[in-house]
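**Q** Here is my input; please provide its structure:
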Amino acid sequence: MTAFNMNKPEIEQAAIEFKKALINWKSREKIVRVASIHRPDWAEKDILRCIEVETRRIKPVIEAFEPIYRLAVQGKIENPFALQSYMMSYTGRVLGDELSWPEVREPYQRMINSLKGGLTSEEFMESPYIINRKLPEHYDQAVKEIVAEGWTHNALL
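**A** Next up, the predicted model:
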């Protein structure tokens, strides 16, 4: 197998951008901007209902990503990681279907690519990191921390 190289500053920046895109997805500013173009007749109650719906849609994605985000920002991801498989196991096709707009898809793809460790897609697919669905080394600790803070996370510890 080709040696990998985890570019920690790139992983950190990609994680920050992806999380920011997820948070912005449900923001009032974004919803008002889109509604003003596509739903100019919406009243305040319609905007609030849309915020509620989008928050319910994005919350499980943010909660699933949070342990990976924390490890990325702390520079603790040492090996390639199959983020797309991991996220699909928690959120199904939400990121590929409902959230496939460029403002979320592009930072998500950057995060996926940054976690390949410089391996080509073929090398990554043949690596034990994806074949064995290996989680980052400190993943369990990150999950324990977020659960202790009151986050929801369905990881088995």
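**Q** Next, count neighbours for E52.
**A** By other CB atoms under 10 Å, 11 other residues sit near E52. Where C-beta positions appear, they are placed from N, C-alpha and C, glycine not excepted.
**Q** cool, the one 4 residues further on as well?
**A** Burial of R56, expressed as a neighbour count using other CB under 10 Å, amounts to 10.
**Q** do Y108 as well
**A** As a measure of burial, Y108 has 24 neighbours, counting by other CB under 10 Å.
**Q** for it, helix, strand, or coil?
**A** Using DSSP: H, G, I helix; E, B strand; the rest coil, the structure places Y108 in helix.
**Q** Report the separation between it and D41.
**A** Per CB to CB, to the nearest Å, Y108 is found 32 Å from D41.
**Q** just how off-centre is stretch 118-134 within its chain?
**A** 19 Å (CA atoms, centre = their mean, to the nearest Å).
**Q** how far does it stretch from start to finish?
**A** Using CA to CA, to the nearest Å, one end of stretch 118-134 lies 17 Å from the other.
**Q** if you count residues, which helix in the chain comes out on top?
**A** helix 44-73 (DSSP state H).
**Q** Now do the contacts for K26.
**A** I51, E54, T55, R57, I58 (CB atoms under 8 Å, 6 or more residues apart in numbering).
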